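[1] build me a model from this:
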Amino acid sequence: MKTHSDSFANYKASSQGHIDFIVVVCHAVPALRADIALPRPEITHPPDHFKKDRNPKSWISSHIGNYTDELARSALLTVFSYFEGYVKDSLREIVAFHGGESAFQDRARIRSKRFLQSHSAKISENKRKLQDNPDPVKLAKYQKYGRLLDATGYRFPTDLLSNFGVRFLRAKLDDKRGMRAFEIPEILSECLLFDIEASERNMFEAARGLRNKLAHGRPQPITLATALRYASELHSLAAKIDRHICEHFFVIQEV
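    The predicted structure follows:
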């Protein structure tokens, strides 16, 4: 049994890698501050990838004070992008699990059309009881014959429309014109039937709004603690989504 998607494993590794980087920076900067405070004209250890004479001690000293602000902005931009990538990749993984886009679409269409074919006399008889203009007075009758049909595996109109759902999903996975970040909650709830709670939706929207402002060069106050909190909450949401996907969508279908 699949306990997690490959997409989630990649997301978890990437997110943790960035958090580990933040931890390293938060260790390194205090040590750098201590080095700057020493009565020497230069930093003890030259930087990797840069010439030491390009950034003198005075320049480093003037820029080190706001490092957590930059780190917070970088953290939010990165972890949100990783979460957005996870959602898209997990949907692609579902499609790939079922044979790829064309095979998945064909299976949905063939399965829907199969239920449009002729039925047994009993099913047809029960269906005829429901082929009328709806009348609230006859609700008990509709429920009775609906249950009888449901017990035989009869597919109602909502089931037949599932083929369109697969086509909609394929469109959202297009690299150029596909899903936008603001659509993620709706796609989770309407496509995957995932029950996203109001608090989770609000958290996502707050993180997305802040990410958009930062990504478009609009300075926004954000602490490292806030960025790390969003990273943790997005990870928890992704883990919850992934359990839902593994339970309901990684099911081999050969019928």
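
[2] for the residue lying farthest from the centre of the chain, give its distance to residue 57.
    The centre of the chain is farthest from one residue, residue 39, which by C-alpha atoms, centre = their mean lies 50.9 Å away. Look at residue 39 and residue 57: by C-beta to C-beta, to the nearest Å, they are 11 Å apart. Heads up, the C-betas are built off the backbone N, CA and C, glycines and all.

[3] how about residue 236?
    With C-beta to C-beta as the criterion, residue 236 and residue 57 are 43 Å apart.

[4] residue 231 too?
    Using C-beta to C-beta, residue 231 is found at 33 Å from residue 57.

[5] looking at these two, which one has more neighbours?
    More neighbours surround residue 231 than the other of residue 231 and residue 57, with 23 against 15 (other C-beta atoms under 10 Å).

[6] what is the helix or strand that one falls within packed up against?
    Under the criterion of DSSP states H and E, residue 231 resides in helix 224-248. For helix 224-248, the elements it packs on are helix 6-37, helix 67-97, helix 198-215, judged by 3 or more C-beta pairs under 8 Å, 6 or more residues apart in numbering; DSSP states H and E.

[7] list the buried residues of that helix.
    224, 226-228, 230-231, 233-235, 237-238, 241-242, 244-246 (16 or more other C-beta atoms under 10 Å).

[8] so which of those is the closest to residue 86?
    residue 238 (5.3 Å; C-beta to C-beta).

[9] measure the closest residue in space to the closest one that isn't next to it in sequence to residue 53 for me?
    Counting by C-beta to C-beta, 6 or more residues apart in numbering, residue 238 lies nearest to residue 86, which is 5.3 Å off, once chain neighbours are set aside. To residue 53, residue 86 is 43 Å away according to C-beta to C-beta.

[10] so these two - more neighbours on which side?
    residue 86 (25 against 8).

[11] residue 72 and residue 65: what is the separation?
    14 Å.

[12] which one's more surrounded, the two?
    The neighbour count for residue 72 versus residue 65, taken as other C-beta under 10 Å, is higher for residue 72 (23 against 10).

[13] that one reaches residue 221, doesn't it?
    No. Using C-beta atoms under 8 Å, residue 72 is not in contact with residue 221, being 9.3 Å away.

[14] show me the contacts for residue 84.
    Residues near residue 84 by C-beta atoms under 8 Å, 6 or more residues apart in numbering: 181, 184.

[15] next, find the distance separating it from residue 143.
    Counting by C-beta to C-beta - residue 84 and residue 143 are separated by 43 Å.

[16] picking that back up, what's the overlap in contacts for residue 72 and residue 65?
    Counting by C-beta under 8 Å, 6+ apart, residue 72 and residue 65 have no common neighbour.

[17] ok so, going back, tell me the pLDDT of the residue nearest to residue 238.
    What the model reports as pLDDT for residue 86 is 97.

[18] any regions of the stretch 101-250 of the chain where pLDDT drops low?
    Judged against pLDDT under 70, the stretch 101-250 of the chain has no low-scoring part.

[19] swap the cut-off to 90 and go again
    104, 107-124, 126-134, 146, 149-150, 152-170, 174-178, 217-221 (pLDDT under 90).

[20] so what's the most centrally placed residue in the chain up against?
    The centroid of the chain falls nearest to residue 87 when counting by C-alpha atoms, centre = their mean (2.6 Å). By C-beta under 8 Å, 6+ apart, the residues touching residue 87 are 179, 184, 187-188, 238, 241.

[21] which among those residues gets closest to residue 107?
    So of those, ranked by how close each gets to residue 107 (C-beta to C-beta), first place is residue 187, at 20.5 Å.

[22] isn't the closest one up against residue 172?
    Yes. If you go by C-beta under 8 Å, residue 187 and residue 172 touch, sitting 6.4 Å apart.
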